[in-house]
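Trainee: here's my sequence, what's the structure:
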Amino acid sequence: MIADSLRSVRSTLPEGVTLVAVSKTKPVELLMQAYEAGQRVFGENKVQEMVDKAEQMPEDVEWHMIGHLQSNKVKYMASFVSLIHGVDSLKLLAEIDKQAAKNGRVQDVLLQMRIATEYTKFGMDEADLENLLTSAQFSNMKNVRVRGLMGMASFTEDESQIQKEFSYLKQVFDRFKHRPDFDLLSMGMSGDYLLAIECGSNMVRIGSSIFGDR
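Mentor: Numbers count the residues shown, from 1 in each chain. Sure, this is the predicted structure:
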């Protein structure tokens, strides 16, 4: 049962760690089971799927966009998405700012860093991050609020490699956390979230441990 899985995952989370239930590809019936068990934060990786589910779910759900996001899709979710995890360029951030302004909102975002060894993972390096945060274009954006960083570790059995990647992301996070509102570090999924929490994560994205394998 979803409620039991959710309870089991929650029992492993320290206070102050936010659980994002990754509900991508799962039907609304299963999301509602999680909702009825008290879960309010859900993560989707496809904009259209999130829009469809948001129309069917209660209004107090917090929707997080956790997948790679294309600029031309931002407008479809700009009126309701709570947090966008995967912002990996100034161009994308500018579009989010523009669409948030149209909707009279300030949009919370996380900047995605590439920490994994695989080239398939999206994200910025430390120099990109520095350049974005110190750019004149960013300083003129009034409708986005950068809340922190997100990263995905390598897909490997080597725990020391994963730990190294998470620890590096936490180091970078600490370097910038003097910034206003910079308080979220989203790292860790079903297979590695306990290690991520040990390394300083305060937001974990968990799907299969709650909803079962896809």
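Trainee: what about the most centrally placed residue in the chain, which SS state?
Mentor: Nearest to the mean C-alpha position of the chain, counting by Cα atoms, centre = their mean, stands H85 at 3.3 Å. What DSSP: H, G, I helix; E, B strand; the rest coil gives for H85 is strand.
Trainee: ok, it - contacts?
Mentor: Residues in contact with H85, defined by Cβ atoms under 8 Å, 6 or more residues apart in numbering, are G43, H64, M65, I66, V109, L110, Q112, M150, S186, R205. Yep, even glycine has a C-beta here, placed from its N, CA and C like the rest.
Trainee: out of those residues, which are inside strands?
Mentor: Among these, DSSP state E puts G43, H64, M65, V109, L110, Q112, M150, S186, R205 in strands.
Trainee: point out where the protein drops to low pLDDT.
Mentor: Residues of the chain meeting the criterion pLDDT under 70: 119-121, 214.
Trainee: show me which positions of stretch 92-109 end up buried.
Mentor: Residues 92-101, 107-109 are the ones in stretch 92-109 that count as buried (16 or more other Cβ atoms under 10 Å).
Trainee: mind putting those in CSV, secondary structure included?
Mentor: CSV is the format used below for the buried residues of stretch 92-109 (three-state DSSP):
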residue, secondary structure
L92, helix
L93, helix
A94, helix
E95, helix
I96, helix
D97, helix
K98, helix
Q99, helix
A100, helix
A101, helix
Q107, strand
D108, strand
V109, strand
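Trainee: follow-up on the earlier one: mind picking the two most distant members of the ones in strands among the contacts of H85?
Mentor: Largest separation among the ones in strands among the contacts of H85 by Cβ to Cβ: V109 and R205, giving 15.2 Å.
Trainee: same for the longest helix anywhere in the chain, what does it pack against?
Mentor: Under DSSP state H, the helix in the chain containing the largest number of residues is helix 159-176. Helix 159-176 is packed against helix 126-133, strand 144-151, strand 184-186, helix 193-198, with contacts defined by 3 or more Cβ pairs under 8 Å, 6 or more residues apart in numbering; DSSP states H and E.
Trainee: try 10 Å this time
Mentor: With contacts defined as 3 or more Cβ pairs under 10 Å, 6 or more residues apart in numbering; DSSP states H and E, the packing partners of helix 159-176 are strand 107-113, helix 126-133, strand 144-151, strand 184-186, helix 193-198.
Trainee: angle of that helix against strand 144-151?
Mentor: Inter-element angle recorded for helix 159-176 and strand 144-151: 160 degrees (by axes from the mean of the first three to the mean of the last three Cα atoms, to 10 degrees).
Trainee: quick check, nearest of the ones in strands among the contacts of H85 to V17?
Mentor: Among the ones in strands among the contacts of H85, and counting by Cβ to Cβ, the member closest to V17 is S186, at 10.5 Å.
Trainee: M65 contacts E44, correct?
Mentor: Yes - counting by Cβ atoms under 10 Å, E44 is a contact partner of M65 at 6.5 Å.
Trainee: what sits in contact with each of the two?
Mentor: Jointly contacting M65 and E44 under the rule Cβ atoms under 10 Å, 6 or more residues apart in numbering are M50, M77, V81.
Trainee: check contacts around the nearest residue to the second one once chain neighbours are set aside.
Mentor: Spatial nearest neighbour of M77, excluding adjacent residues (Cβ to Cβ, 6 or more residues apart in numbering): V47 at 5.3 Å. Contacts were defined as Cβ under 10 Å, 6+ apart; by that measure V47 touches M65, G67, L69, Q70, N72, K73, V74, K75, Y76, M77, V81.
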